[in-house]
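*Asks:* Structure of the sequence below:
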Amino acid sequence: MNLGSLISMASQNDRKTVAVAAAEDAEVLEAVDRAVNLEIADFFLYGNKEEIERMIAANHPELSGSNRVKIISASNNNAAAEMAVKAVKAKEAHVLMKGNIPTAAILKPVLNKEYGLRTGGVLSHVAVFEVQGYDRFTIVTDAAMNIAPDLEQKVQIIKNAVKVAHSIGIELPKVVPLAAVEVINPAMQATVDAASLTMMNKRGQIPGCIVDGPLALDNAISQLAAEHKGIKSEVAGRADILLVPAIEVGNVLYKSLIYFANAKVGAVIAGARAPIVLTSRADTAESKLYSLALALCSASK
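*Replies:* Below you'll find the predicted structure:
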């Protein structure tokens, strides 16, 4: 499996519109340029209109005058974020994307009670990794939004990730609630929650997937490691979704995959009325493009 397939999936769906807040960012505009060339999306670019036009003229002249891109002037970043969110809420756009703006500044209008994109559920970060030599996508959640989720929040985080998995063709994703050990230890809350999530799945409370845990990372992704430990499970060694117990674990796992394994990644915030592309300002244009494709696939479902 490779992330390029997400671009193919997105191109086969009805073309969607992406609202970008504070679009005056070189990597974001590079991703926009690629997406327009691939014909997977149209764009509303909110922000400093003169600066966006200058950057496009200097680096992406083919976008100037394109009917696929509309630039909308905003007085500042906060106004750009509010306008982009309102466009998605009004269904003028189908995906929200963060540009050159702090995460808190774009989440504030997302969470606004009057015009925001909340559904009443948990918003969570879903990252889809392509790891060289591995025969499936590795989905990690939640590495960026929920600090120390409780059991009910973990249920919703799994449901969000399962919807994303379904949108990219994983019909029955295998979910592992990660822990340090495979046995239930009352002193280790991650193991207790994992066992509860497994039972809730068996009883139909978490549909559309198979949940089994607690499992440590090696036994979640390596069948050889699981066999050595005598673990018999239809999930062990074949995990599609790795549910981390806390944000620190997710953050370290996310960055380890990128910097140690040279993995490629696309990520979205799920659980809102529409997918949100909330990449880091340090992410490459390639990563932003994969995240866009993932969001477009999610929006189509």
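
*Asks:* How about the residue nearest the centre of the chain: which residues does it bridge to?
*Replies:* The chain has residue 268 as the residue nearest its centroid, 2.2 Å off, counting by Cα atoms, centre = their mean. Note on residue 268: beta-bridge partners residue 126, judged by DSSP bridges.

*Asks:* who's in contact with it?
*Replies:* Contact analysis of residue 268 by Cβ atoms under 8 Å, 6 or more residues apart in numbering lists 125-126, 164, 275-278, 291, 294-295, 298. Every residue, glycine included, has its C-beta placed from N, CA and C.

*Asks:* Lowest pLDDT pick from those?
*Replies:* Minimum pLDDT for these is recorded at residue 278 (89).

*Asks:* State the distance from that residue to residue 154.
*Replies:* Residue 278 sits 20 Å away from residue 154, going by Cβ to Cβ, to the nearest Å.

*Asks:* cool, residue 66 as well?
*Replies:* Note on residue 66: its distance to residue 154, by Cβ to Cβ, is 43 Å.

*Asks:* what helix or strand does the closest residue in space to residue 149 that isn't next to it in sequence sit in?
*Replies:* Nearest residue to residue 149, sequence neighbours excluded (Cβ to Cβ, 6 or more residues apart in numbering): residue 157, at 6.1 Å. Residue 157 belongs to helix 151-167 when assigned by DSSP states H and E.

*Asks:* can you pull the buried residues of the helix or strand that comes right after that helix?
*Replies:* Toward the C-terminal end, the helix or strand that comes next after helix 151-167 (DSSP H and E) is strand 174-177. Buried residues in strand 174-177, defined by neighbour count with 16 or more other Cβ atoms under 10 Å: 174-177.

*Asks:* Could you point out the helix or strand that follows strand 174-177?
*Replies:* helix 189-202.

*Asks:* what's the burial count for residue 240?
*Replies:* 22 (other Cβ atoms under 10 Å).

*Asks:* where's residue 137 relative to residue 183, distance?
*Replies:* In terms of Cβ to Cβ, residue 137 sits 28 Å off from residue 183.

*Asks:* Oops, could you answer that again for residue 134 instead?
*Replies:* 27 Å.

*Asks:* So if I had to pick from the two, which one is more boxed in?
*Replies:* Higher neighbour count among residue 134 and residue 183: residue 134, with 13 against 9, using other Cβ under 10 Å.

*Asks:* what's residue 80 in contact with, if anything?
*Replies:* Contacts of residue 80 (Cβ under 8 Å, 6+ apart): 21-23, 46-47, 74, 99, 101.

*Asks:* my bad, residue 183
*Replies:* Under the contact definition (Cβ under 8 Å, 6+ apart), the residues listed for residue 183 are 191, 214.

*Asks:* Residue 71: what's it in contact with?
*Replies:* 23, 45, 49, 52-53.

*Asks:* just the strands in the stretch 201-301 of the chain please.
*Replies:* For the stretch 201-301 of the chain, applying DSSP state E, counting those that start in this stretch gives strands covering 210-211, 241-243, 264-270, 276-277.

*Asks:* Now tabulate these in CSV and tack on distance to residue 111.
*Replies:* Formatted as CSV, the strands of the stretch 201-301 of the chain follow (distance: least, Cβ to Cβ, whole Å):
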stretch, distance to residue 111
strand 210-211, 28
strand 241-243, 23
strand 264-270, 11
strand 276-277, 11
